[in-house]
Each structure stands twice: as structure tokens, then as C-alpha cells.
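*Asks:* Return a 3D structure for these sequence lines:
(one chain, ligands or ions: 1)
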Amino acid sequence: MDSDQTISQDKVVSLNYILSLDNGEEIDRTTTDEPLVYLHGHENILPALEAKLDGLKVGEKVTATIEAAEAYGDYDEEGLHVIERSLFPEDLELEIGMLLHLKDDNSEELEAFVHAIDQEEITLDTNHPLAGETLTFKVEIVDIRPATAVEIEHGHAHLLEDADHD
Ligand code: ZN
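*Replies:* Model prediction:
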């Protein structure tokens, strides 16, 4: 580990984080054994978070608060769609929160979450589940190294195990 490294374009960064919502609810965290490893400057993570990590060194900690618009977007009421239950396959067991891959009227693929279920109708929501949420990441930088030429070409970090994938 080279402690002189700072986070900048084309560095592979390992970090630990705790992600929480505005109400303080923790929704995700890495473990010390398995930090998040990403290639900086390639939008592998939220660009707004990358911007807050830029220039940090190994061992540094930062609390980064990202507004909804800079994270998964503001919540859009137009994302709610009510669909007749009879249009779904009968053997599909729908559950609230389930992710569905659909085609719209123009055969465009879209993803939607099941928002509500009743006898006659299903309400789907095309908003990201974290839309409308301000996210707070408590981050600690655990390693920084220059990316290899192949990583830069691929636009993502390689862990040892997948070093020779296409
Ligand atoms: Zn690759």
C-alpha cells in the first residue's frame, strides 16, 4: 500500500461505508473484510459521491451527504402506474417491493417496483427505491492504487479473481 496516493482519476479505491437515510435509518454497510472497490472517475459509484472523495488519502474519513437530486433522483408521482391484475400472468406471485422488468407500449424496456397490490389492480412504481432520499455515506478510505491499463480500458476495477475476464 502506497500511503502517498490520493484519490484522483483512474485510481482504484477501496473503502468502507455506512449508508443511512435522512431519518437515521441505516440501509447498507460494507464489512472490513469486504470493502467496496471501485475505479475512480468512471461513474462506477454516484458521481456526487466521487466528487466528495476526490483528493482523500488512505485512512481518511469523511461524511458525505448527497441530496436526492444528486443521488437517485427526486420522487416523481408520475412514476406510479395502476395496472389491471388480469394483465399479469396468473402464476406470478406478486409481492410489494418486487422488481419487475417490463416493456411499455413502445416496446421500451423498463424496470418497476410493485408498490401496492389489491384484488383488481396492481400499482407499479418506476422510481428508484431510493428516489427522494437524501443519502449520508460515512466513508473510510482503506486503500488506493493506480489502475492498470486494462482496468482503465474496461472502466471498472478488477479484483484478483476476475483479472482476466473479457
Ligand atoms: Zn473488466
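*Asks:* low pLDDT regions in this structure?
*Replies:* Applying pLDDT under 70 to the chain flags residues 1-4, 161-164, 166.
*Asks:* and with 90 instead?
*Replies:* Along the chain, the parts satisfying pLDDT under 90 run over 1-4, 32-33, 87-90, 92, 102-110, 119, 129, 159-166.
*Asks:* can you map out the strands along it?
*Replies:* Taking DSSP state E to define them, one finds strands in the chain at 11-21, 26-29, 36-39, 61-66, 80-84, 99-103, 109-117, 121-125, 135-146.
*Asks:* Any chance of those in JSON lines with mean neighbour count and distance to Ala51 as columns?
*Replies:* No exception for glycine: its C-beta is placed from N, CA and C like everyone else's. What follows is the strands of the chain, written out as JSON lines (neighbours: other C-beta atoms under 10 Å; distance: least, C-beta to C-beta, whole Å):
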{"stretch": "strand 11-21", "mean neighbour count": "20", "distance to Ala51": "13"}
{"stretch": "strand 26-29", "mean neighbour count": "12", "distance to Ala51": "20"}
{"stretch": "strand 36-39", "mean neighbour count": "19", "distance to Ala51": "14"}
{"stretch": "strand 61-66", "mean neighbour count": "15", "distance to Ala51": "9"}
{"stretch": "strand 80-84", "mean neighbour count": "13", "distance to Ala51": "32"}
{"stretch": "strand 99-103", "mean neighbour count": "11", "distance to Ala51": "29"}
{"stretch": "strand 109-117", "mean neighbour count": "14", "distance to Ala51": "26"}
{"stretch": "strand 121-125", "mean neighbour count": "18", "distance to Ala51": "29"}
{"stretch": "strand 135-146", "mean neighbour count": "19", "distance to Ala51": "12"}
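*Asks:* Out of those, which is closest to Gly155?
*Replies:* Distance to Gly155, taken as C-beta to C-beta, is lowest for strand 36-39 among the strands of the chain, at 6.7 Å.
*Asks:* Convert the closest one to CSV, retaining C-alpha atoms only.
*Replies:* Extracted C-alpha coordinates of strand 36-39, given in CSV (Å, rounded to 0.1, in the frame of the first residue of the first chain):
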residue,chain,number,x,y,z
LEU,A,36,-16.2,-1.6,-1.8
VAL,A,37,-13.5,-1.5,-4.5
TYR,A,38,-14.2,0.9,-7.5
LEU,A,39,-12.4,2.7,-10.2
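*Asks:* Break this structure into its domains for me.
*Replies:* For the chain, automatic domain parsing gives the domain ranges 3-72+131-163, 77-125.
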